[in-house]
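Trainee: Mind folding the following:
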Amino acid sequence: MKLYFAHNFNDRFKFRAIELQLEKELGIELYNPFYDDPSRKEEMTELDTIAQKSEDRIKSFENSFNRKQESAELIVKRDLTALASCDGLFTIVDAPSFGTTIEMCNAVMMRKPIYFVSEKYTHHPWIKVYATYKFINLGEFEFFIKENK
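Mentor: Got it, this is the predicted structure:
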C-alpha cells in the first residue's frame, strides 16, 4: 500500500519521524511531498538548515511561501501527480492546514480513500462526510492497517 502523506509544513520534522516509523513497522509506503520528491531536495535542505536554528523557524516558514507563481504551480502539479499515483491519502491533523485540506479535497475528487488521524477534528462535519477512515490516534491507525493487510 502506498499512501500520500499530507501534513502541516511547520511540523515536518515530527511527521518525518512518524512516517519512517510507520513505514518500518507496518510495511507500507508513505509518500512525503516534502522529502520524497527529488526535485525538492535542494529546497528542503536549505529550509531545514534555516529551521535548525530555533530563532529562524519563522524565516523558514516564510521562505517556503516566498516563491514565484511558476514555482508554486510546479509544486502543486507534482503533488497532485504524486497523489494520483498513490492508493490513498494519509493525514495527521493537529492543526488546520491549507495544503492538507486542499489535498484531501483532491483525494475525494480522485475517489481515493482518506485515512484521517486527529484527536481534535474527527467529529468535524466535513471530516465525517469525506474521510473514509477516521482515527483518534496513531495507535488506532496502526491496528487498522495490521488487521486489514
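
Trainee: average pLDDT across the longest helix seen in the chain?
Mentor: Of all the segments of type helix in the chain, defined by DSSP state H, the longest one is helix 69-85. In this model, helix 69-85 has an average pLDDT of 88.

Trainee: count of residues packed around residue 48?
Mentor: Residue neighbour count, defined by other Cβ atoms under 10 Å, stands at 15 for residue 48. Backbone N, C-alpha and C define where each C-beta goes, glycine included.

Trainee: now it, what's its secondary structure?
Mentor: Local secondary structure at residue 48 is given as helix here, using DSSP: H, G, I helix; E, B strand; the rest coil.

Trainee: For it, give its distance to residue 1.
Mentor: 28 Å (Cβ to Cβ, to the nearest Å).

Trainee: With residue 17 instead?
Mentor: Taken as Cβ to Cβ, the spacing of residue 17 relative to residue 1 amounts to 20 Å.

Trainee: Who has more neighbours out of these two?
Mentor: Higher neighbour count among residue 17 and residue 1: residue 1, with 15 against 10, using other Cβ under 10 Å.
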